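Novice: sequence first, predicted model second:
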Amino acid sequence: MTYQEYLEDHGINETTAHAFGLYEEHGNIVIPIRDSEGELLWYKYRHLGGDVKFSFDPGAKTTLFNPDALAKGSYIIICEGEPDCIKLTQEGFIAVCSTTGAGSFPEEWAGQFIGKEVYILMDSDDAGRLGAAKLLKLFPRSIVVELPPDTKDVCEFFKSYDVSAFNSLLKAAK
């Protein structure tokens, strides 16, 4: 799979990819990880071939991806990965994720979400369900959003459904 094919498969357009600073280098998608001030912290690499899916710059640590979204509205969607977060942002939603997967959301981040309506939207696999359960303990008043049975993640959702259907999904969540 090429960089362009990956973006197309995840429904991410060039404008959004550019806004998030994504680019291709040596068969990898390079994802800049920035702090809430926009300063570069490190890079995450999504390998498009081989057995290893992701790698990180030396010294990289679990970081909140898209942290400036926390200042943008009264709600926040915590999703599972950067492609889902990027896709949600492209579609007009406010989203963040942890840079190291579904179960890696540190408790000390919870304070950043005070005053927000928190939606938890993980992938519909075992790791996603475990990650959602962990987040629900951190955010007991949050709303868990479940994807339709035919959908494994946010990017896949938008292959079959539109923004209106996603809004309905959020409204129906408990």
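Specialist: Alright, I've got the coordinates.

Novice: name the nearest residue to D125, ignoring sequence neighbours.
Specialist: Distance criterion C-beta to C-beta, 6 or more residues apart in numbering; nearest residue to D125, sequence neighbours excluded, is K152 at 6.5 Å. Yep, even glycine has a C-beta here, placed from its N, CA and C like the rest.

Novice: look up phi and psi at that neighbour.
Specialist: Main-chain torsions, K152, degrees, to the nearest 10: phi -90, psi -30.

Novice: distance of it from I77?
Specialist: 17 Å (C-beta to C-beta, to the nearest Å).

Novice: who's more crowded, the two?
Specialist: More crowded of K152 and I77, by other C-beta atoms under 10 Å: I77, with 24 against 13.

Novice: pLDDT score for that one?
Specialist: On pLDDT, I77 comes in at 97.

Novice: shouldn't the residue nearest to D125 be in contact with M122?
Specialist: No - using C-beta atoms under 8 Å, K152 makes no contact with M122, being 10.5 Å away.

Novice: name the single longest helix found in the chain.
Specialist: helix 126-138 (DSSP state H).

Novice: from the contact counts, what lies against that one?
Specialist: Under the contact criterion of 3 or more C-beta pairs under 8 Å, 6 or more residues apart in numbering; DSSP states H and E, helix 126-138 touches strand 117-121.

Novice: what is the mean pLDDT for the strand it packs on?
Specialist: Mean predicted confidence for strand 117-121 is 96.

Novice: what residues sit buried inside that strand?
Specialist: Buried residues in strand 117-121, counted by 16 or more other C-beta atoms under 10 Å: 118-121.

Novice: distance to N66 added to those residues, as CSV?
Specialist: Shown next, in CSV, are these (distance: C-beta to C-beta, whole Å):
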residue, distance to N66
V118, 15
Y119, 14
I120, 16
L121, 14
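
Novice: how far away is K116 from I77?
Specialist: K116 sits 10 Å away from I77, going by C-beta to C-beta.
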